[in-house]
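> everything below, folded, please.
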Amino acid sequence: MYLKGALLFSLLASSLAAPTANGDRKVKRGVLTVQDYSQFQVSDGVAGNALAEVNAKFPIDQSDLASVDPQDLAIIKAARETAEAAETDEGGFNDAIKAAGGTSTAAGKALQNGKIKNKVLKLQLEVLALQIEAAQGGSNNTAKIAEEQKKLDTNIKLDQAAAGQPSQSVDFQGSDQP
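Residues are numbered from 1 along each chain as shown. Here you go, the predicted model:
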């Protein structure tokens, strides 16, 4: 009887000490919270520093993407979808720029600068999500990352070229709720 108990105890203890499927990787607790678009958008203010603004709103440790909390990844993906909707859906940037008389007007130019900053938001979140998925053992998406990074780099340059100019957001309803 004692031998059976000792054997059972040693099996239980060894199973608790066994490595998990994640190996030594430790998933960090989430750093992001669900917010409305108006809280995480970066289009207001002035153009020129969109990437830094995005990274401040989504403070993910990019040196350890394998450890990003799954809930943070879900929030990033949902925020990216909302940023895209703010650009193209009814009431988004495209409609607002048209209603302002196009990019040749002061209001239209400010909205265009906001749209570029919104694209930096959308594309940075897309690249980040793809990189997190790859780091966490997802499919090989190197080509997709490179494609989205190229678009991101183009929009960062456009934002920097407009540095100091007014930038305007749109009143768009949405959230980063996964």
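
> now the helices for the chain?
2-17, 37-40, 50-57, 70-88, 93-99, 106-135, 142-161 (DSSP state H).

> dump those to JSON lines, plus mean pLDDT, mean neighbour count and distance to Gln177.
Using the backbone N, CA and C atoms, a C-beta is placed for each residue, glycine as well. JSON lines is the format used below for the helices of the chain (pLDDT from 0 to 100; neighbours: other CB atoms under 10 Å; distance: least, CB to CB, whole Å):
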{"stretch": "helix 2-17", "mean pLDDT": "39", "mean neighbour count": "9", "distance to Gln177": "36"}
{"stretch": "helix 37-40", "mean pLDDT": "94", "mean neighbour count": "17", "distance to Gln177": "10"}
{"stretch": "helix 50-57", "mean pLDDT": "98", "mean neighbour count": "18", "distance to Gln177": "16"}
{"stretch": "helix 70-88", "mean pLDDT": "96", "mean neighbour count": "20", "distance to Gln177": "6"}
{"stretch": "helix 93-99", "mean pLDDT": "97", "mean neighbour count": "18", "distance to Gln177": "21"}
{"stretch": "helix 106-135", "mean pLDDT": "97", "mean neighbour count": "23", "distance to Gln177": "14"}
{"stretch": "helix 142-161", "mean pLDDT": "97", "mean neighbour count": "15", "distance to Gln177": "23"}
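
> for those, which one sits closest to Ser167?
For Ser167, the closest of the helices of the chain is helix 106-135, at 4.0 Å, according to CB to CB.

> list the contacts for the residue nearest to Gln168 when sequence neighbours are not counted?
Ranked by CB to CB, 6 or more residues apart in numbering and with sequence neighbours excluded, the top spatial neighbour of Gln168 is Ala110, at 4.0 Å. For Ala110, the contacting residues are 165-168, by CB atoms under 8 Å, 6 or more residues apart in numbering.

> perfect, I'm done here.
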